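Student: Need coordinates for the following:
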Amino acid sequence: MAKKGQIFNKYTYDFKMKVYNDYLESKCPTSHMAKKYKISRKTIETWIYKFRDLGTLKNCKRGPIKELDIDYKEKYEILKKYQAFLKAQRERK
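Tutor: Coordinates of the predicted model:
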């Protein structure tokens, strides 16, 4: 949890890829990489995790990964059909 007044570091995409590629090539633990680049071990682990899951480190946002292409109109139509179905079921009883 962040503390009041805490300053967050922002790293460029090139730097992240440099650290990630160095991690893959050297096969050394993240603790050694953290000392080498003077950043947190958990930061490096997060980059590795995100790269393996997403395939890229660009536009990584905090929080869960959300569905990229949401078709709201299609979901709205499905919801309307389902509501009509439920209404028809209640009328049968």
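Student: worst-scoring helix or strand of this structure, pLDDT-wise?
Tutor: helix 41-54 (a mean of 85; mean pLDDT, DSSP states H and E).
Student: tell me which residues in that one are buried?
Tutor: 43, 44, 47, 48, 50, 51 (16 or more other C-beta atoms under 10 Å). C-beta here means a position set from N, CA and C on the backbone, and glycine is covered the same way.
Student: Generate JSON lines for these, with distance to residue 36 as supplementary columns.
Tutor: Below are those laid out as JSON lines (distance: C-beta to C-beta, whole Å):
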{"residue": "43", "distance to residue 36": "13"}
{"residue": "44", "distance to residue 36": "10"}
{"residue": "47", "distance to residue 36": "14"}
{"residue": "48", "distance to residue 36": "15"}
{"residue": "50", "distance to residue 36": "20"}
{"residue": "51", "distance to residue 36": "18"}
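Student: What is the nearest of these to residue 90?
Tutor: Nearest to residue 90 among these: residue 50, at 46.6 Å, using C-beta to C-beta.
Student: Distance of that closest one relative to residue 72?
Tutor: From residue 50 over to residue 72 the distance is 27 Å, taken as C-beta to C-beta, to the nearest Å.
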